[in-house]
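J.: sequence first, predicted model second:
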Amino acid sequence: MELIYAALMGFLMGSIPFGLVLTKAAGLGDVRDIGSGSIGATNVLRTGNKGLAAATVLLDAAKGAVPVFLAQHFLSGTEGVAAVAAVAGHCFTPWLKFKGGKGFATAAGVLLALAWPVMLVCAGIWAATLAISRISSVSSMTTVVAAPVAAWLMGYALVVWPLIGIAAIVLVQHRANIGRLMRGEEPKVGSKK
């Protein structure tokens, strides 16, 4: 039952579509109508409002971190389930017909709660990849693939399998990005396309 509670808690918290809520509240319309059609921070940035994009990152990360912290304190041993469920909730939110974001910011929040030293290493990987590629999807996908490897190398064996599950979800959500990358059509950071 504790695993079920952790999964439900993670999924429901993860399913809150902050990017959509913030852009609508700011009078910018439906963020799903621009760019990639995602509700995440990168697409919110394409509205031209950097403040809303930053708020989306923080809130999407928080909805990953909070259920993991709660699971650690009240449902010990279930934090990996809460982590994967939070990312799944963001990517497949029931409030938007099971469509959502790409999952990266929520995954970052999850990793912060699961193993913050690994998160710091992954933040460096993300920043370096973004600086080189200038493409958000490339840095996101590189980082989620690197996360379980970094966790294993740093001695956080218990979080490796949840991170593999999260990487799989995030990569599936980036399938359209992968197609655009292969065609040379993926927009760079700051593009309003």
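T.: Structure's in. What do you need? Numbering: from 1, shown residues only.
J.: can you list the residues that contact the host helix or strand of Ala128?
T.: Ala128 is part of helix 116-133, with elements assigned from DSSP states H and E. Residues outside helix 116-133 that contact it (Cβ atoms under 8 Å, 6 or more residues apart in numbering) are 108, 111-112, 136, 138-140, 142-143, 146-147, 150-151, 154, 156, 159, 189. Every residue, glycine included, has its C-beta placed from N, CA and C.
J.: distance between the helix or strand of the chain with the lowest mean pLDDT and the chain's centre?
T.: With mean pLDDT, DSSP states H and E as the measure, the helix or strand of the chain carrying the lowest mean pLDDT is helix 41-45 (a mean of 83). Using Cα atoms, centre = their mean, to the nearest Å, the distance from the centre of helix 41-45 to the centre of the chain it belongs to is 12 Å.
J.: do stretch 31-51 as well
T.: 14 Å.
J.: mind listing what's buried in that stretch?
T.: Residues of stretch 31-51 classed as buried by neighbour count (16 or more other Cβ atoms under 10 Å): 31-32, 34-36, 38-47, 49.
J.: show me which pair in those residues is furthest apart.
T.: Ser36 and Asn49 (16.4 Å; Cβ to Cβ).
J.: list the buried residues for stretch 136-151?
T.: 136-148, 150-151.
J.: do stretch 149-158 as well
T.: If you call a residue buried by 16+ other Cβ under 10 Å, then stretch 149-158 has these buried ones: 150-151, 156.
J.: returning to what we had before: which of the buried residues of stretch 136-151 fall within helices?
T.: Judged by DSSP state H, those include 136-148, 150-151 as members of helices.
J.: tell me the SS of Gly29?
T.: Under the three-state scheme (DSSP: H, G, I helix; E, B strand; the rest coil), the conformation of Gly29 reads as coil.
J.: state the helix or strand in which the closest residue to it other than its chain neighbours lies.
T.: Leaving out its chain neighbours, the residue that sits closest to Gly29 by Cβ to Cβ, 6 or more residues apart in numbering is Thr23, at 6.8 Å. Counting by DSSP H and E, the element that carries Thr23 is helix 18-25.
J.: show residues contacting that helix.
T.: Contacting residues not belonging to helix 18-25 are listed as 29-32, 38-41, 43-44, 47, 49, 52, 55-56, 59-60, 63, 96, 101 [Cβ under 8 Å, 6+ apart].
J.: equivalent analysis for stretch 163-178, please.
T.: Residues from elsewhere that reach stretch 163-178 (Cβ under 8 Å, 6+ apart): 36, 83-84, 87-88, 91, 101-104, 107, 110-111, 114, 137, 140-141, 144-145, 147-148, 151, 186.
J.: quick one: distance of stretch 77-90 to the chain centre.
T.: Stretch 77-90 has its C-alpha centroid displaced from the chain centroid by 12 Å (Cα atoms, centre = their mean).
J.: just the C-alpha atoms of that stretch, please, in PDB.
T.: As requested, the backbone C-alpha atoms of stretch 77-90 are provided in PDB (Å, rounded to 0.1, in the frame of the first residue of the first chain):
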ATOM      1  CA  GLY A  77      11.800   3.100   0.800                       C
ATOM      2  CA  THR A  78       9.200   4.400  -1.700                       C
ATOM      3  CA  GLU A  79      11.000   7.500  -2.800                       C
ATOM      4  CA  GLY A  80      12.100   6.000  -6.100                       C
ATOM      5  CA  VAL A  81       8.500   5.200  -7.000                       C
ATOM      6  CA  ALA A  82       7.400   8.700  -6.000                       C
ATOM      7  CA  ALA A  83      10.200  10.100  -8.200                       C
ATOM      8  CA  VAL A  84       9.200   8.200 -11.300                       C
ATOM      9  CA  ALA A  85       5.500   8.900 -10.700                       C
ATOM     10  CA  ALA A  86       6.100  12.700 -10.400                       C
ATOM     11  CA  VAL A  87       7.900  12.800 -13.800                       C
ATOM     12  CA  ALA A  88       5.200  10.600 -15.300                       C
ATOM     13  CA  GLY A  89       2.500  12.900 -13.900                       C
ATOM     14  CA  HIS A  90       4.100  15.900 -15.500                       C
END
